[in-house]
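Chemist: dropping the sequence and predicted coords here.
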Amino acid sequence: MKEVNRTMGGCLWPQSSELMQAYHDEEWCRPSRDDRYIFEMLTLEGAQAGLSWSIVLAKRKAYQTAFHHFDIGFCAGLSGTDLEAIKENYQVIKHFSKLQSIRTNAEAVLKIQNEYGSFADFLWRFVDHKPIVNSWETDAQMPAQSPLSLQISKELKKRGFKFVGPVTTYSFLQAIGIIDDHIKTCQFHTSNK
């Protein structure tokens with residue numbers, strides 16, 4: 001793994017914990033075209049609604065175990081009884097509508113894969129398959145949503161997805177690297193690689 005230079009002045013938001021810092025350094029804003037990973041990020045971002053990202057990251061391993069590492073077919077086939085059992089037996093967020101959305105969203109992803117070949121192709125076409133690289137000076141400049149997240153949120157909702165409002169969708173687009181929102185001085189910003 002690459003040596004991390006923290007003196008350069010990077011993003012401030014992940015500095016609250018090692019788990020957050022590892023996510024920032026190793027995953028956040030890195031372009032992904034892996035449908036399973038993209039579905040995982042969609043699920044975790046939806047689970048975050050109303051909570052902090054650090055809570056979700058702390059429960060990520062439990063989610064990976066409960067949902068077979070976000071196997072989309074497996075998730076689409078879960079019954080209500082299966083979801084109740086997951087709620088009772090795993091350290092996931094217990095909000096039942098959020099758990100049900102995992103099945104609903106997996107079903108919607110399968111339909112998109114049939115139509116577009118992959119969930120990644122469906123999403124990346126919104127940006128002509130090239131990431132949006134922002135050049136913020138500080139974390140505070142980063143928006144909570146954008147016209148793009150609003151557009152994709154509407155499209156996802158139209159296709160039956162749940163927990164995909166424009167703010168959640170913006171975070172999701174950062175998570176899968178469609179948007180690079182590392183601040184300019186962060187060593188992980190696209191221009192510094």
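Modeler: Thanks, I have it. Model, not experiment: these values are computed from the prediction.
Chemist: for the most centrally placed residue in the chain, which non-adjacent residue is closest in space?
Modeler: For the chain, the residue sitting closest to the mean C-alpha position, by CA atoms, centre = their mean, is residue 41 at 2.9 Å. Once flanking residues are discounted, residue 41 sits nearest to residue 175: 4.1 Å by CB to CB, 6 or more residues apart in numbering. The C-beta positions use only the backbone N, C-alpha and C, and glycine is treated the same way.
Chemist: do residue 42 as well
Modeler: In space, residue 42 is closest to residue 172, 5.7 Å off (CB to CB, 6+ apart).
Chemist: the one you found and residue 43 touch, don't they?
Modeler: No. Residue 172 is beyond contact range of residue 43, at 9.7 Å (criterion: CB atoms under 8 Å).
Chemist: re the thing from before, so who does the residue nearest to the centre of the chain touch?
Modeler: Contact analysis of residue 41 by CB atoms under 8 Å, 6 or more residues apart in numbering lists 32, 172, 175, 176.
Chemist: mind putting these in TSV, pLDDT and neighbour count included?
Modeler: Converted to TSV, the contacts of residue 41 look like this (pLDDT from 0 to 100; neighbours: other CB atoms under 10 Å):
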residue	pLDDT	neighbour count
32	98	18
172	98	26
175	98	23
176	98	27
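Chemist: how about those residues, which pair is most distant?
Modeler: Farthest pair in those (CB to CB) is 32 and 172. Separation: 11.1 Å.
Chemist: show me the strands in this protein, by range?
Modeler: Secondary structure of the chain (DSSP state E): strands located at 132-133, 179-180.
Chemist: which elements pack onto the first one?
Modeler: Here strand 132-133 touches strand 179-180, going by 3 or more CB pairs under 8 Å, 6 or more residues apart in numbering; DSSP states H and E.
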